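In: Need a 3D model of the following:
(one chain, ligands or ions: 4)
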Amino acid sequence: MRAVLERWRPRLPDILDDILATEVPPGIGELCTCGKQAATTRCRDCFQSRLQCPRCLIHSHRHSPFHWAEVWNGEFLVKTDLAALGLTMYLGHDGDPCPSLRSTFLPITYTITHSNGVHCVPIQECHCPGHRATVSQLLRAGLFPATLERPESAFTFEVLRQWDIHFLTSKKGAYDYFQALRRLTDNSGTQKVKNRYRELNVAGRIWQYLTATKRSGLHHGLTLPNRAPSMTVPCFACPWPGFNMPPNWKDTPTELTYIHACELGGDGNHGLQKKRKRDDPNDWSLWEGRGYFVEHAIMKEYLEGIDAEPVPETCSGFKVGRAQRPGKFRHLEVSGVVAVICIRHGCFRPRAMVDLQKGER
Ligand SMILES: [Zn+2]
Ligand SMILES: [Zn+2]
Ligand SMILES: [Zn+2]
Ligand SMILES: [Zn+2]
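Out: Ligands and ions are numbered 1, 2, ... in the order given. Below you'll find the predicted structure:
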């Protein structure tokens, strides 16, 4: 590392000059290529974008309405929404204005959260005879509404895709993700940025559910033979009657039954805890037993039935839990999870995971 840095060090001032050169391009205020107005604006998000007049910038961004613009104020370039320069977004006609628009139809200003920050964009809906409802128009344009009734906030599909991947890989919560989006909008802290954290929580969760439904084929009625509808990927190698076993598998001679054996194992993860905090006690899962967890109602009924039973004494594994420091699980609502996996192929079994209530119980 030292040798590498030594090679870079003498070049650093030049490199910084080059970086600074991209921040203020030459030719500010010269005539735009359209020949009509001075080139005082440019796009921050287009690659190698040239200076243009505001009119040309708006015209070239009908299909990129969430790019940030920069406007020369005489001293420096100010970051701004394209909407502040006059951009309006149109729904229903691939970005073109609806032919049925009247001058009395005023656009509604939406707060749109995109992967590069939070924008304010006036949106003009399609008003053609038989036009779709607002929510449907937004969705077909690639915008996920924050609410179903008269939405004025939406998330681009792009930001929801990115959030989902961050959630699953960098383990980022919606709160931290939105903080980053806020800073991408204004990192100086001097501008007011609309907070859409709560809305992201709802939209992100529904987005993940819908994406899983889409990918599992459930929406198109695809299910695996002889299996309950599920959004999970089961183990295809494990024996499953009516799927990958001979119809007469029950007649297999005793000495050969091992061929059809399904080897399952259970394992716990005590890192997956849920601390006790203020949340909605009536919250429920959209997956309703079609995922990896046991269906909530079945689990609840089971737990009510065993509540009075003493802790099993025969299993040495449970002694681990009892030997733990008392109070260790005091502030936990869920002290971990236990899942059943097929131990040959390492696949999680659908509907075979439960929350632990205390220690290993
Ligand atoms: Zn652009
Ligand atoms: Zn121009
Ligand atoms: Zn229309
Ligand atoms: Zn398996």
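
In: Pull the residues that contact the helix or strand hosting Thr22.
Out: Per DSSP states H and E: Thr22 is located in helix 12-23. Helix 12-23 has contacts (CB atoms under 8 Å, 6 or more residues apart in numbering) with Leu77. Heads up, the C-betas are built off the backbone N, CA and C, glycines and all.

In: Report the rounded mean pLDDT for it.
Out: For helix 12-23, mean pLDDT rounds to 94.

In: Dihedrals phi and psi, the closest residue to Arg44 other than its chain neighbours?
Out: Spatially, and ignoring its direct neighbours in sequence, Arg44 is nearest to Trp68 (4.2 Å; CB to CB, 6 or more residues apart in numbering). Main-chain torsions, Trp68, degrees, to the nearest 10: phi -90, psi 140.

In: got the contact list for Trp68?
Out: Taking CB under 8 Å, 6+ apart as the test, what Trp68 contacts is Cys43, Arg44, Asp45, Lys79, Thr80, Asp81, Leu82, Asn116, Gly117.

In: If we only consider those, which is nearest to ligand 3?
Out: Ranked by distance to ligand 3 (CB to the ion), the contacts of Trp68 are led by Leu82 at 22.0 Å.

In: Tell me how far that closest one lies from Ala212.
Out: Look at Leu82 and Ala212: by CB to CB, to the nearest Å, they are 34 Å apart.

In: Between these two, which is the more surrounded one?
Out: Leu82 (24 against 17; other CB atoms under 10 Å).

In: Quick check, pLDDT for the closest residue to ligand 1 within the stretch 151-300 of the chain.
Out: Using CB to the ion, the closest approach of the stretch 151-300 of the chain to ligand 1 is made by Glu158 at 14.2 Å. Note for Glu158: predicted pLDDT of 97.

In: before we move on, what about Gly221?
Out: 91.

In: ok, it - how many residues close by?
Out: Count around Gly221 with other CB under 10 Å applied: 7.

In: quick revisit: out of the contacts of Trp68, which are close to ligand 3?
Out: By CB under 5 Å from the ion, no member of the contacts of Trp68 lies near ligand 3.

In: Please produce CSV containing those, extended by secondary structure and pLDDT.
Out: Output for the contacts of Trp68, formatted as CSV (DSSP: H, G, I helix; E, B strand; the rest coil; pLDDT from 0 to 100):
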residue, secondary structure, pLDDT
Cys43, strand, 96
Arg44, coil, 94
Asp45, coil, 95
Lys79, strand, 94
Thr80, strand, 95
Asp81, strand, 96
Leu82, helix, 96
Asn116, coil, 96
Gly117, strand, 97
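
In: Any of those buried? List them.
Out: Buried subset of these (neighbour count, 16 or more other CB atoms under 10 Å): Cys43, Asp81, Leu82, Asn116, Gly117.

In: Also near ligand 1: which of the residues you listed, exactly?
Out: Among the buried ones among the contacts of Trp68, ligand 1 is touched by Cys43 when using CB under 5 Å from the ion.

In: tell me the two of the buried ones among the contacts of Trp68 that are most distant?
Out: Cys43 and Gly117 (14.0 Å; CB to CB).

In: what does this protein have sitting close to ligand 1?
Out: So the chain meets ligand 1 at Cys43, Asp45, Cys46, Ser64, His67 (CB under 5 Å from the ion).

In: Now the second one. Nearest residue, chain neighbours left out?
Out: Taking CB to CB, 6+ apart, and ignoring the residues beside it in sequence, Asp45 has His67 as its nearest neighbour in space, at 3.9 Å.

In: same check, this time on Tyr292
Out: Met353 (4.7 Å).

In: helix or strand for that neighbour, which one?
Out: strand 347-356.

In: For that strand, which outside residues touch it?
Out: Defining contact as CB under 8 Å, 6+ apart, one finds that strand 347-356 is touched by 228, 230, 232-235, 238, 264, 268, 270, 274, 289, 291-295, 299, 334-342.

In: Report the distance from it to the chain centre.
Out: With CA atoms, centre = their mean, to the nearest Å as the basis, strand 347-356 stands 23 Å off its chain's centre.

In: can you give me the mean pLDDT across it?
Out: 92.

In: Equivalent analysis for stretch 258-266, please.
Out: Per-residue scores along stretch 258-266 average to 93.

In: do stretch 208-217 as well
Out: The model assigns stretch 208-217 a mean pLDDT of 94.
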